[in-house]
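Engineer: no sequence for this one, just the structure:
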């Protein structure tokens, strides 16, 4: 019995079951039937896109290895109110009926994992007392949660941002003039600004990362040691520099962040970055009103811009000044770190100029 899924297995399951109908695939029932680990069924159900319909969820709640906690989650995310008021006309009737039937037959035997609908942002409210009238074994669903809490480590959470976990077609093309990201939803282009900017070579970046040392105290603060973080650290997709600033561009999988769009979630994105930064560099000081995040609109797209930070980068002699520029589109988070020796080199005009070199092309 496992309580954790390997990164390789998670990527495999995501590719097989996540948004399978969007890819014009049929549900791989044979593969699903071969699964004998409850945690894998829970993982698939937790990441299910409801636009795929209920066939996958029906197969999970009738699977012999389905955990009670997984059943609870699926039920609380379903349209129970529709079931109670519209019966067979409701979209989730067959799913909820299958859960109730299997409950009453004693089909579900174990509650190995912890699930509490109160802490599930995907859970829907419904009349619990009314639903209980339809269930003989309602205590199985509505008693106090049991089982083990599945807490993802800091390093694992960070690693989920790797583009290899992106669900969909994705390709990056880098030239001496630009970096282009091609997805099935949109294309993103960042042009190297005109002037004296130059692209830093990949071998230079790799050498820096290989020799890099992390800030002191990361084990106490994040529960992760240097060895664990070194395994999940990612090489930037592009680094450019001139005599005044260094610009580091990372492309992250944003699907794990559950962001809907940049306009309404810039604060969420930026605060997520503030959580991760201290594991890699030490923040020495910040600008006044640091929690206020600026938004700049360019080509109908919102970019989030942080206040300035003074940071200490291990193995670099002097303190540096840092600002972040973020934008999220098509399931990808574009993260620019703009670094300089001088605070004035990170003024608004510099930031706006970098943003003006970004463009988006939407797929039809």
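Structural biologist: Sure thing, it's come through. A quick note: this is a predicted structure, and the numbers were derived from the prediction, not measured.

Engineer: For residue 179, which residues count as its bridge partners?
Structural biologist: For residue 179, the residues forming beta bridges with it (DSSP bridges) are residue 174, residue 190.

Engineer: looking at it, it is touching residue 240, isn't it?
Structural biologist: No. Residue 179 lies out of contact with residue 240 (CB atoms under 8 Å); the separation is 9.3 Å. In short, each C-beta sits where N, CA and C put it, glycine included.

Engineer: Strands of this protein, residue ranges please.
Structural biologist: Secondary structure of the chain (DSSP state E): strands at 170-174, 178-183, 186-191, 198-199, 238-241, 245-253, 282-286, 294-298, 301-305, 309-312, 320-329, 332-340, 358-362.

Engineer: could you dump the ones you listed to a markdown table with mean neighbour count?
Structural biologist: Shown next, in a markdown table, are the strands of the chain (neighbours: other CB atoms under 10 Å):
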| stretch | mean neighbour count |
| --- | --- |
| strand 170-174 | 13 |
| strand 178-183 | 18 |
| strand 186-191 | 18 |
| strand 198-199 | 14 |
| strand 238-241 | 18 |
| strand 245-253 | 21 |
| strand 282-286 | 14 |
| strand 294-298 | 14 |
| strand 301-305 | 21 |
| strand 309-312 | 18 |
| strand 320-329 | 22 |
| strand 332-340 | 22 |
| strand 358-362 | 14 |
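
Engineer: between the ones you listed, which gets nearest to residue 56?
Structural biologist: For the strands of the chain, the distance to residue 56 is smallest for strand 245-253, at 21.5 Å, taking CB to CB.

Engineer: mind listing what residue 351 touches?
Structural biologist: 296, 305, 323, 325, 338 (CB atoms under 8 Å, 6 or more residues apart in numbering).

Engineer: Could you export the strands of the chain as CSV, including mean pLDDT and distance to residue 2?
Structural biologist: Formatted as CSV, the strands of the chain follow (pLDDT from 0 to 100; distance: least, CB to CB, whole Å):
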stretch, mean pLDDT, distance to residue 2
strand 170-174, 91, 29
strand 178-183, 92, 32
strand 186-191, 91, 37
strand 198-199, 94, 44
strand 238-241, 96, 38
strand 245-253, 94, 23
strand 282-286, 93, 37
strand 294-298, 90, 43
strand 301-305, 90, 38
strand 309-312, 95, 39
strand 320-329, 93, 32
strand 332-340, 94, 29
strand 358-362, 81, 40
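
Engineer: hang on, the earlier thing: of the contacts of residue 351, closest to residue 27?
Structural biologist: residue 325 (40.5 Å).

Engineer: Which residue is the nearest non-sequential neighbour of that closest one?
Structural biologist: residue 336 (3.9 Å; CB to CB, 6 or more residues apart in numbering).

Engineer: Just to check, that neighbour is in contact with residue 357?
Structural biologist: No. If you go by CB under 8 Å, residue 336 and residue 357 don't touch, sitting 10.3 Å apart.

Engineer: list the contacts for the residue nearest to residue 325?
Structural biologist: 247-249, 324-326, 354.

Engineer: nearest to residue 98, of those residues?
Structural biologist: So of the contacts of residue 336, ranked by how close each gets to residue 98 (CB to CB), first place is residue 326, at 42.2 Å.

Engineer: Give me the below-cutoff pLDDT ranges for the stretch 51-200 of the chain.
Structural biologist: 150-153 (pLDDT under 70).

Engineer: repeat that with 90
Structural biologist: 51-53, 86-91, 114-126, 134-170, 176, 183-187, 194-196 (pLDDT under 90).

Engineer: Helices of the stretch 1-150 of the chain, residue ranges please.
Structural biologist: 7-17, 29-34, 38-46, 55-61, 68-77, 80-86, 93-104, 128-132, 139-142 (DSSP state H, counting those that start in this stretch).
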